[in-house]
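K.L.:
Structure here, sequence nowhere to be found:
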């Protein structure tokens, strides 16, 4: 399993993903799930993946090959005129890749090769945009009503983002919010694990504004984790006490 979050702010985009994959408690590995491509001054595109590892690696591999393709019609990432078209092309590629693997494995492959992808980025002259692509190849776009997407193990970290998110928050506060969300997920589910990959993409930067890998000995993440735990305990104890006595 995995956990990835993409968030739209007035200032740009903030993205975070874990790196754990597992096929049982005795087979745990680390694989990157965040990938990015950029053309300085023209476009910046980031992809995060969740689901069957062979499927997602195949999709990323095909996208990498297309960036080197001399036929510009095949160069999805660098030549598509809009982020909507980028998302549409990646959706078709994901659907085709899943269908190929399912077809090769017959009935045994049904449902085993699914994956979900978050696509984020900006093309010059347009707004930063964020999409979530489903295994079927269709997708939805983030909006004012739904300003962030999660894929993978989403349920533990979602309430924190819902309560803390503000579209005009600073990048620093957004990173802090995502770290709390990931810390809560790490505490609740062993299928999500460190290291974590963080990327901040400022509006009109067309390159990573900030990029960081959060490891097991990261002092800031450790501080966030312990401080959040203490804050929750303090908030809990500050709540009104329940009484077993007569109700008035």
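P.N.:
Great, that's in hand. All figures in this text were calculated on a predicted structure; none of them were measured in a lab.

K.L.:
Going along the chain, name the helices of the chain.
P.N.:
53-67, 76-79, 83-105, 158-164, 171-188, 219-238 (DSSP state H).

K.L.:
Let's have those helices in TSV, adding mean pLDDT and distance to residue 244.
P.N.:
Where C-beta positions appear, they are placed from N, C-alpha and C, glycine not excepted. Output for the helices of the chain, formatted as TSV (pLDDT from 0 to 100; distance: least, C-beta to C-beta, whole Å):
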stretch	mean pLDDT	distance to residue 244
helix 53-67	95	52
helix 76-79	90	63
helix 83-105	95	56
helix 158-164	97	29
helix 171-188	97	31
helix 219-238	97	18
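
K.L.:
So which of those is nearest residue 117?
P.N.:
Closest of the helices of the chain to residue 117 is helix 83-105, at 6.0 Å (criterion: C-beta to C-beta).

K.L.:
And that closest one, what's buried?
P.N.:
83-84, 86-91, 93-95, 97-98, 101-102 (16 or more other C-beta atoms under 10 Å).

K.L.:
Let me know how buried residue 227 is, in neighbour terms.
P.N.:
For residue 227, the count of nearby residues is 12 (other C-beta atoms under 10 Å).

K.L.:
how near is the residue lying farthest from the centre of the chain to residue 182?
P.N.:
For the chain, the residue at maximal distance from the C-alpha centroid (C-alpha atoms, centre = their mean) is residue 246, at 50.0 Å. Note on residue 246: its distance to residue 182, by C-beta to C-beta, to the nearest Å, is 45 Å.

K.L.:
Please apply the same query to residue 225.
P.N.:
Counting by C-beta to C-beta, the gap from residue 225 to residue 182 is 9 Å.

K.L.:
Between the two, which has more neighbouring residues?
P.N.:
Applying other C-beta under 10 Å to residue 225 and residue 182 shows that residue 182 carries more neighbours, namely 27 against 18.

K.L.:
The more buried one against residue 20, yeah?
P.N.:
No - counting by C-beta atoms under 8 Å, residue 182 stays clear of residue 20, with 11.5 Å between them.

K.L.:
Can you check which residues contact both of these two?
P.N.:
Listed as contacting both residue 182 and residue 20 by C-beta atoms under 8 Å, 6 or more residues apart in numbering are residue 192.
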